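*Asks:* Task: produce atomic coordinates for the following.
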Amino acid sequence: MITIYQGNTHLLESSDINIVIDVIRAFTVAHYAFINGTKQILLVETTEDAFSIKNEYPHYLLAGEEDGIGIKGFDYDNSPKRISKERLNDQTLVQKTTNGVKATLNSLNTNHLFVTGYSNARTTAFYVKKIYNASLENLKINIVASHPSGDDDLACAEYMKGLILEKNNLTPFEVEQRIKNSHVAHKFFDPNNIDFNCEDISLCSLERESNFVMKVNQSNQIPVIERINI
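*Replies:* Modelled structure (predicted):
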């Protein structure tokens, strides 16, 4: 059984698999960070938590936003375009965001937890389908569209559900159009809004073939996104 939830505050019951989606922009940023060599990404609830880790591990890099805006003192904001230009070989990132990270921290009650944006959605869906295909009907899978009202995350969730169940009614073009036309994306196309870059939406609405998925390791006190090669 696959259930889609929308929003970042759901405290889900125990499940076999949770998939948390943040298209614009947290897990698109994470995807490109791993493409560019990031070793791991620690997930934290607050800005204070991020700075506390930075004080203990000064070589760690902080990335994220509050209400969409980059945080003063962080090394990176939440722009996939910007992170796609960085060399991050073997670096550890600490990520704090409004929706994706928060939803993930509320989705830990599961055997397997994955995160993704649209850019890695197909790869993630096929990985889940391939590994667990023999018993899909007996598994409880939750897909969390982390933005409370964003059609970008919801479209991606519906797309992934269809891919896993081989009952997909959404084409990639349709998903990409829903991402670009979602109210979450509007501010990125406003030339007077200098805090948001329209090129971010280009990356958020582009499927990028990858040989890995992003899985959350829950064995430590701080949940960590790790790259799992497939």
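*Asks:* Could you use CA atoms for every contact and neighbour count after this?
*Replies:* Will do.
*Asks:* can you dump the C-alpha coordinates of the helix of greatest length in the chain into CSV?
*Replies:* The longest helix of the chain (DSSP state H) is helix 151-165. Taking C-alpha atoms only, helix 151-165 is exported to CSV below (Å, rounded to 0.1, in the frame of the first residue of the first chain):
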residue,chain,number,x,y,z
ASP,A,151,1.9,21.3,-6.5
ASP,A,152,5.6,20.7,-7.3
ASP,A,153,6.1,18.2,-4.5
LEU,A,154,2.6,16.7,-5.0
ALA,A,155,3.1,16.1,-8.7
CYS,A,156,6.4,14.4,-8.0
ALA,A,157,4.8,12.2,-5.4
GLU,A,158,2.0,11.1,-7.8
TYR,A,159,4.6,10.5,-10.5
MET,A,160,6.7,8.3,-8.1
LYS,A,161,3.7,6.3,-6.9
GLY,A,162,2.8,5.6,-10.5
LEU,A,163,6.3,4.5,-11.4
ILE,A,164,6.5,2.1,-8.4
LEU,A,165,3.1,0.6,-9.1
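*Asks:* can you list the residues that contact that helix?
*Replies:* For helix 151-165, the surrounding residues in contact (CA atoms under 8 Å, 6 or more residues apart in numbering) are 2, 4, 6, 21-24, 117-118, 121-122, 125-126, 128-129, 143-147, 168-171, 175, 178-180, 182-184.
*Asks:* let's see it at 7 Å
*Replies:* Under the criterion CA atoms under 7 Å, 6 or more residues apart in numbering, residues 4, 21-23, 118, 121-122, 125-126, 129, 143, 145-147, 168-170, 175, 178-179, 182 lie in contact with helix 151-165.
*Asks:* Which among those count as buried?
*Replies:* 4, 21-23, 118, 121-122, 125-126, 129, 143, 145-147, 175, 178-179, 182 (16 or more other CA atoms under 10 Å).
*Asks:* Distance of Val23 relative to Ser79?
*Replies:* 11 Å (CA to CA, to the nearest Å).
*Asks:* Please work out the average pLDDT along the helix or strand where Ala30 lies.
*Replies:* Secondary-structure assignment from DSSP states H and E places Ala30 in helix 26-35. Helix 26-35 shows a mean pLDDT of 98 in the predicted model.
*Asks:* The next helix or strand after that helix: partners in the sheet, and parallel or antiparallel?
*Replies:* Using DSSP H and E, the helix or strand that follows helix 26-35 in sequence is strand 40-43. Note on strand 40-43: by DSSP bridges, its sheet partners are strand 92-96 (parallel), strand 224-229 (antiparallel).
*Asks:* which sections of this protein are below the confidence cut-off?
*Replies:* Applying pLDDT under 70 to the chain flags the ranges 134-137.
*Asks:* tell me the contacts of the residue nearest the centre of the chain?
*Replies:* Central residue of the chain (CA atoms, centre = their mean): Phe27, 2.5 Å from the mean position. Phe27 makes contact with Val115, Thr116, Gly117, according to CA under 7 Å, 6+ apart.
*Asks:* what about the helices in this structure?
*Replies:* Counting by DSSP H, the chain has helices at residues 26-35, 47-56, 80-83, 100-105, 121-132, 151-165, 172-181, 183-186, 198-204.
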